[in-house]
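Enquirer: For reference, the sequence and a predicted model appear below.
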Amino acid sequence: MHGFAGITVATLYLIVGGLVFLLGIVILREAPREKANRATALMLFFGGLGSVLGAIGFILEGTGGKARIGNTDLLRSFNYLWELFFPSLLYFACVFPTENRLARRIPFVALWIFGPHAFHLLLMILQTEGAVTGPLTAWLAKNPIGGTLVHVMRVPTEILFGFHVILFSAVNLLYIAAALTLLWLSYRRATNPRLRKQLRTIFIGLASCAGLYAVAVPIPTLLNHTWPLLTRSALIVAALVLGSAGIAYSMVRYRFLDAKLIARKSILYALTSGFLVSVYLTIIRQLDALLESVAGVDVTVFETAILLIALVLFQPVVSWLEEALERVFLRERSDHRTLLRHMSGEVLTILDLHSLADAVLETLREGVSARTTVLLIAPQSHEPVVRGFGGSVDLDSIAAIPRATLDRLTEGFSLIRRGEFRDLATAEPERSVEVKPLLLTEPYLVLPLRHGGQFLGLISLGRKITEMRYTAEETSLLETLANQTSVALKNALLYEENLAKSLLEEELAVARRIQQQFLPRRLPEMGRFGIAAMNVPNKQVGGDYYDIVDVGSGNYLVTIADVAGKGVPAALLASMVQASVRTQAPDGKPICEIMDRLNRLVFEATPEDRFATCFLARVSAAGSDGTPGPSLSFSNAGHNYPILLPAAGGSRLLDFGGIPLGIHSDCVYGETTTPLQRGDALILYTDGITDARNRLMEDYGEERLFAFAGTLPRSLTAGQILQSISEEVSRFTQGAEQADDITIVALKVL
């Protein structure tokens, strides 16, 4: 290749080599102490050197004999230097994503990998550099023994050099095959999505690089075939470009080697700049040459004008290209900015703790390639939610760690590193035992989740899969993720509380409707008896229930009951008791027998912690023994003792009864009868009366009720008795909110 076209191609090769060198420098500066970074940088340095040496070769070919210098052969002998790309490739495959066992076991493994190529380079220098070997051969020839040695070794040396070139082509192919095999095995073993994408991209790029190189050099050498210089150089440079492009693409798109954002953007900027310079060299300069040949005038002035215009347009075009490339390449979910947008836009709107835990864990999996990851959500008064992965992560044991211990351990920290956390955890023997399940995961970074000083959980991350350090950019990202996770957790907890409150209110409304349905809408006319009843509902709807059933012949079945518990279950049980009483009422069975049946029904139909108190009585206008006076036959299943107010004065409790319904299925209840006189009054009530509290948190109590009832005038009607008791309780409570329904039934003998 001659003339301007050769210079242009050489310049393009130099630009490619410069960009590859720049990429290697960026990678090395990111983390110079990491083996993977050093191996990658070496690959790129030697790859860029190959492109630069190719450019020099074009220049030497284009200048012919005019530009040849004495050291040209020495310069050409260093063309083999770029082949150190292949041991760098094998070394990279041995240390990324983690250093494999063979590399760890072999001392100075890098020297063994690079040794054959270093020997190859030395041999090629000796072969091509006559200034070194010529005088040495002449000096040996002066001595008879040396001359004989030179004569004897000439043929073997020529065979060695010829065979070595062929042999080393096979060595390069072997290095390529070994490196690609190791990378493929690493890809198959990798479980982290981002790491798999990195390995896949790099494997494709390096496999393409190796394939083109094999076509350019080793295979033709083995077949004793030689490509033209332009074809051979083009294939080699294309191979190096593809290999470097795979690395650059993986860095920009998938954060290969955990490259920082500024490094990835600098790669994009360098690519756009190199592209524009290449356009200028391949188009504008060719146009200049065409104008000069056609017009036959010096186009230097036009060249300067075009260059000025290019400089003016350069920055806007670069900015536009950079923005376009950012939209294409920096949209990966593992990108830090994308993760933050995802957390802000999606995770913060998740209101279910389990779904939130899954989303945060997935975000951590995409953002950080950690060996172990633990997410513990453990707010107070809530069952812990644990997510995680890794060989040593025991989720059940981690969930059992006392949250108070974790709260004290992480108090005052936004991020705890490995040494600090272990020191804090092992400072006290008891604490060390409690936190042991978390220590077994070998946490490298621990981020407490707090909001408003409240401990909500923690995030624990082990070392990276690649054994690289966490960068400042990554720790900043993790702290931001932890803060946003804390906000999302608080939002979810508040939503859960509001939802529970709404559900409770809805349940109470349903319970209230059920309760209102089984309470009598209208009390029956009882002839010789006056009756009044009152039910004051509370927000926490219970199972208070009363009923009066007319069973004929001047007999009435009076019931008051209180079911343990609140809400719909209590209301349903109360309605079941009511239905059973009403069903048995017409049978005329003894009160004790009805109570026995109620007990078995409640025992069989409810869980062990559910029971009910009940007072059941039959009021007769004529005595149970046939005398004309009224009477009261009753049975009591653990209910508050009714208060009897005789017309003659005084008061007494009907303190006869047994245990509540539903405690034992075989319990037998007794029955007793007491005569009633004209003017007697009977007060039935639930514990909503006696448990009523004032603002000093004092209970009204049974004694106070009994004493007050005894002071009531005997001339009061049933309704007036209720009103008096209600007003007395209201005066006592002074408007304080109550925790239970208040139910009272008053019966007055007329």
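Expert: Here it is on my side, so go on. Nothing here was measured: the structure is a model prediction, and the numbers come from that model. Numbering: from 1, shown residues only.

Enquirer: what about Asn640, neighbour count?
Expert: 22 (other CB atoms under 10 Å). For every residue, glycine as well, the C-beta is placed using N, CA and C.

Enquirer: Thr475 now?
Expert: Thr475 has 16 neighbouring residues, counting by other CB under 10 Å.

Enquirer: give me the element it is part of.
Expert: helix 472-518 (DSSP states H and E).

Enquirer: I'd like the next helix or strand past that helix.
Expert: Using DSSP H and E, the helix or strand that follows helix 472-518 in sequence is strand 529-536.

Enquirer: Buried ones in the very next helix or strand once past that next one, by neighbour count?
Expert: Following strand 529-536 in sequence order, the next helix or strand is strand 543-552 (DSSP H and E). By neighbour count with 16 or more other CB atoms under 10 Å, strand 543-552 contains the buried residues 543-549.

Enquirer: starting at the chain centroid, how far to the helix holding Thr475?
Expert: Relative to its chain's centre, helix 472-518 lies at 18 Å (CA atoms, centre = their mean, to the nearest Å).

Enquirer: Quick one: work out the angle between that helix and strand 543-552.
Expert: 20 degrees (axes from the mean of the first three to the mean of the last three CA atoms, to 10 degrees).

Enquirer: wait, what's in contact with Gly679?
Expert: Contact analysis of Gly679 by CB atoms under 8 Å, 6 or more residues apart in numbering lists 646-647, 714, 748-749.

Enquirer: all helices of the stretch 1-150 of the chain, in order?
Expert: Assigned by DSSP state H, counting those that start in this stretch, the stretch 1-150 of the chain shows helices spanning 3-30, 35-63, 72-77, 85-95, 101-105, 109-128, 130-141, 144-189.

Enquirer: Now the weakest link among these, please, by mean pLDDT.
Expert: Least confident of the helices of the stretch 1-150 of the chain, judged by mean pLDDT, is helix 72-77 with a mean of 47.

Enquirer: in the helix or strand containing Glu362, what's buried?
Expert: Glu362 is part of helix 353-367, with elements assigned from DSSP H and E. Buried residues in helix 353-367, counted by 16+ other CB under 10 Å: 353, 356-357, 359-361, 363-367.

Enquirer: and if you look at stretch 676-695?
Expert: For stretch 676-695, by 16+ other CB under 10 Å, it's 676, 680-690, 692-693.

Enquirer: same thing with stretch 175-191?
Expert: For stretch 175-191, using 16+ other CB under 10 Å, the buried residues are 175-176, 178-180, 182-183, 186-187, 190.

Enquirer: separation between Tyr556 and Pro586?
Expert: 12 Å (CB to CB, to the nearest Å).

Enquirer: before we move on, what about Ala359?
Expert: Counting by CB to CB, the gap from Ala359 to Pro586 is 62 Å.

Enquirer: next one: Gly390
Expert: 71 Å.

Enquirer: If you count surrounding residues, which of those two has more?
Expert: Comparing Gly390 with Pro586 by other CB under 10 Å, the one with more neighbours is Gly390, at 16 against 12.

Enquirer: follow-up on the earlier one: and the furthest pair within the buried residues of stretch 175-191?
Expert: Farthest apart among the buried residues of stretch 175-191 by CB to CB are Tyr175 and Ala190. That separation is 22.5 Å.

Enquirer: ok so, going back, which of the buried residues of helix 353-367 lies closest to Ile202?
Expert: Nearest member of those to Ile202, counting by CB to CB, is Glu366, at 18.5 Å.

Enquirer: Rebuild the buried residues of strand 543-552 as JSON lines, extending it with distance to Leu503 and pLDDT.
Expert: Shown next, in JSON lines, are the buried residues of strand 543-552 (distance: CB to CB, whole Å; pLDDT from 0 to 100):
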{"residue": "Gly543", "distance to Leu503": "19", "pLDDT": "73"}
{"residue": "Asp544", "distance to Leu503": "22", "pLDDT": "83"}
{"residue": "Tyr545", "distance to Leu503": "24", "pLDDT": "85"}
{"residue": "Tyr546", "distance to Leu503": "28", "pLDDT": "90"}
{"residue": "Asp547", "distance to Leu503": "30", "pLDDT": "91"}
{"residue": "Ile548", "distance to Leu503": "35", "pLDDT": "90"}
{"residue": "Val549", "distance to Leu503": "35", "pLDDT": "90"}
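
Enquirer: of the residues you listed, closest to Ala739?
Expert: Distances from Ala739 to those, taken by CB to CB, are shortest for Asp544, at 12.6 Å.

Enquirer: if I look at that closest one, how far off is Asn535?
Expert: For Asp544 relative to Asn535 (CB to CB), the value is 6 Å.

Enquirer: Tell me the buried residues in stretch 656-666?
Expert: 657-658, 660-663.

Enquirer: What's the local residue count around the residue lying closest to Tyr545 once chain neighbours are set aside?
Expert: Counting by CB to CB, 6 or more residues apart in numbering, Ala574 is the residue found nearest to Tyr545 once chain neighbours are left out, at 4.1 Å. Applying other CB under 10 Å, we find 26 residues neighbouring Ala574.

Enquirer: tell me the angle of the helix or strand hosting Ala574 relative to helix 472-518?
Expert: Assigned by DSSP H and E, Ala574 falls within helix 567-584. Computed with the same axes, to 10 degrees, the direction of helix 567-584 lies at 20 degrees from that of helix 472-518.

Enquirer: can you give me the mean pLDDT across helix 567-584?
Expert: Mean predicted confidence for helix 567-584 is 82.

Enquirer: How far away from the center of its chain is it?
Expert: Distance of helix 567-584 from the chain centroid (CA atoms, centre = their mean) equals 47 Å.

Enquirer: Buried residues, the helix or strand following that helix. List them.
Expert: Downstream of helix 567-584, the next assigned helix or strand under DSSP H and E is helix 591-605. Residues 591-592, 594-596, 598-599, 601-603 are the ones in helix 591-605 that count as buried (16+ other CB under 10 Å).

Enquirer: Following element in sequence after helix 591-605, please.
Expert: Next along the chain from helix 591-605, counting by DSSP H and E, comes strand 612-620.

Enquirer: before we move on, back to that, taking the buried residues of stretch 676-695 as a set, which two sit the farthest apart in space?
Expert: Going by CB to CB, the pair spanning these furthest: Leu676 and Arg693, at 33.8 Å.

Enquirer: Which secondary structure elements does whichever strand or helix holds Ile236 sit against?
Expert: Ile236 is part of helix 229-254, with elements assigned from DSSP H and E. Packing contacts for helix 229-254, counted by 3 or more CB pairs under 8 Å, 6 or more residues apart in numbering; DSSP states H and E, involve helix 3-30, helix 35-63, helix 85-95, helix 193-216, helix 261-279, helix 300-329.
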